[in-house]
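S.K.: Sequence and predicted structure are below.
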Amino acid sequence: MRIDVATIFPEYLDPLRHALLGKAIEQGRLNVGVHDLRSWATGAHKTVDDSPAGGGPGMVMKPEVWGPALDDIAAGNTEGSELASALPHLNRPRHDELEGIGGHSYEPTGEDSSLPLLLVPTPTGKPFTQDDARQWSHEEHIVFACGRYEGIDQRVIDDAHKRYRVREVSIGDYVLIGGEVAVLVIAEAVVRLIPGVLGNKRSHEEDSFSDGLLEGPSYTKPRVWRELEIPEVLTSGNHGLVDRWRREQSLKRTFERRPELLAGAHLDKADIKYLEGLGWTSA
Ligand code: 6GU
């Protein structure tokens, strides 16, 4: 997978190269390019924003800066600010130059699945979910466009459909100053699901949300710590009992913290009986 990020604060994305994502880069499973949007700004002041049409507070990011930036990033014309490992990607033909060569497949939405995915973080976007992370972990090329201030001129997003599959996404119901932190969140959630990055497939299957439920509590040695004991079943050696206990802990935690998730979870008869014992009633 290749990830490109366009931002006016490139240093904010440094953590992309660390820890889990750094490991994916070293393994050759991930290339990352972080691009200073200001390098596409023209004029002495390298201005990237302007006052909103129609008036009002704040500033809106200019289409004449974002347009060429997204054109160049889609085409791989972004020398400088690149990791050495990303170099083979440069000078590839643009997607629109390949049109008609074949290998095209179209999604039901009419989108060309060979186009890179453009993710635009915004509090007005569709909520980002584990299901998105799973799907996007199979992408070849993801580009993030980080807006600051009151957002990016909407025509940039509309025009980007020519070169990208475009998704405006939110990471929750609160407002951040810009999209940079959202990129770190989404990139980490996606990259850890690339086969081989995390190493242990079972740890994905048991992730919270993977079966529509929250994971229950975890414990490790020592068996007694500050007079607190590990639940006895976990030291019983009875795997069947352990599995059932974990399932019930998962159901209980979901009921207490995120009851709305239960409506979309796969529940068997035993699950339903256990939940009803906790006071749950299905709608
Ligand atoms: Cl993706 N961006 C910004 N700026 N604020 C947010 C957000 C994204 N998600 C929630 N709040």
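M.R.: That came in fine, so what should we check first?

S.K.: Where do the strands of the stretch 151-283 of the chain begin and end?
M.R.: 165-170, 224-225, 228-229 (DSSP state E, counting those that start in this stretch).

S.K.: what does this protein put close to the ligand?
M.R.: Residues of the chain that fall close to the ligand, judged by CB under 6 Å from any ligand atom: 121-123, 125, 169-172, 174-176, 178-179, 182. Placement of C-beta: from N, CA and C, glycine included.

S.K.: When you filter those down to buried only, what's left?
M.R.: Buried by 16 or more other CB atoms under 10 Å: 121-123, 125, 169-171, 176, 178-179, 182, out of these.

S.K.: could you dump the strands of the stretch 151-283 of the chain to JSON lines with distance to G54?
M.R.: Supplementary listing: the strands of the stretch 151-283 of the chain in JSON lines, determined by distance: least, CB to CB, whole Å:
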{"stretch": "strand 165-170", "distance to G54": "21"}
{"stretch": "strand 224-225", "distance to G54": "61"}
{"stretch": "strand 228-229", "distance to G54": "60"}
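
S.K.: ranking these by burial, who's on top?
M.R.: strand 165-170 (a mean of 19; mean count of other CB atoms under 10 Å).

S.K.: ok, and what's touching that strand?
M.R.: Strand 165-170 is contacted by residues 111-113, 115-128, 132, 157, 160, 182, 186 when judged by CB atoms under 8 Å, 6 or more residues apart in numbering.

S.K.: May I see the strands of the stretch 151-283 of the chain organised as CSV, with mean pLDDT added?
M.R.: Below are these laid out as CSV (pLDDT from 0 to 100):
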stretch, mean pLDDT
strand 165-170, 98
strand 224-225, 98
strand 228-229, 98
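
S.K.: do you know which of the ones you listed lies nearest I8?
M.R.: Nearest to I8 among these is strand 165-170 (18.7 Å), distances taken as CB to CB.
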